[in-house]
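one predicted model, sequence on top.
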Amino acid sequence: MTRITTICLTMLTLLAATGCGSIKTPAVAFNDDGEYLPQDVGEGLVVSPNPLIPDVPMPVGFKAVASQCFWQYDGNVRVVQHVYQGHAEPGDAAEFYQRTLASYNWDMVDIQAVGSATVLRYTKGLEQLTITTKDGWAVSTITINIDAK
């Protein structure tokens with residue numbers, strides 16, 4: 001066996017033994033509207049200083065998918081659907097809302113795992129809020145729905 005063949009076989013054996021999971025490659029990702037999603041920095045999610053819905057926080061680094069967002073107000077109750085996408089570790093988006101929504105006066109109703117998604121339900125006044133978080137390979141998706149109770 002030649003020396004190059006031996007080196008190649010040794011490297012393949014080491015890669016097989018350690019697995020490719022230990023190799024970290026930054027994910028370049030885009031939301032459903034084709035906008036670039038910047039890499040996350042640090043651990044966990046933090047509240048953006050510029051949320052699109054004043055009483056429902058949005059994590060820093062997440063972007064609205066404009067083609068999937070709408071807002072109506074009839075004078076009493078809002079009807080809102082917003083979709084945000086960004087980078088997050090599995091479970092971070094659901095934990096973000098569990099941790100932050102009480103400070104916006106939303107009362108938790110329940111949390112459910114539905115397939116690969118987490119559905120969080122809250123109420124405040126005449127409105128109900130449903131947040132669905134879904135973790136993807138490179139992009140996490142948050143769907144916000146507000147309507148009448």
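Received, thanks.

look up how far Arg99 lies from Asp92.
Distance of Asp92 to Arg99, given as C-beta to C-beta, to the nearest Å: 10 Å. Where C-beta positions appear, they are placed from N, C-alpha and C, glycine not excepted.

scratch that, Ala138 is what I was asking about
Ala138 sits at a distance of 24 Å from Arg99 (criterion: C-beta to C-beta).

same question for Met108.
Applying C-beta to C-beta, the value for Met108 to Arg99 is 11 Å.

show me where the chain has helices.
Using DSSP state H, the helices of the chain run over 3-18, 92-100.

check which residues of the shortest one are buried.
For helix 92-100, the neighbour count (16 or more other C-beta atoms under 10 Å) marks 92-94, 96-97, 100 as buried.

same thing with stretch 70-83?
Neighbour-count burial for stretch 70-83, counted by 16+ other C-beta under 10 Å, picks out 77-78, 80, 82-83.

what does stretch 130-142 give?
Within stretch 130-142, the residues scored as buried using 16+ other C-beta under 10 Å are 131-135, 139-142.

same question for stretch 104-111.
If you call a residue buried by 16+ other C-beta under 10 Å, then stretch 104-111 has these buried ones: 104, 106.

any stretches of the chain with poor pLDDT?
Residues of the chain that meet the criterion pLDDT under 70 lie in 1-27, 40-42.

please repeat the previous calculation with a cut-off of 90.
Scanning the chain for pLDDT under 90 picks out the ranges 1-44, 87-90, 115-116, 135-139.

show me where it has strands.
Using DSSP state E, the strands found in the chain span residues 29-30, 36-37, 63-64, 70-73, 78-86, 107-114, 117-124, 127-135, 140-148.

tell me what angle the fifth one forms with helix 92-100.
In other words, strand 78-86. Compare the direction of strand 78-86 with that of helix 92-100 by axes from the mean of the first three to the mean of the last three C-alpha atoms, to 10 degrees and you get 130 degrees.
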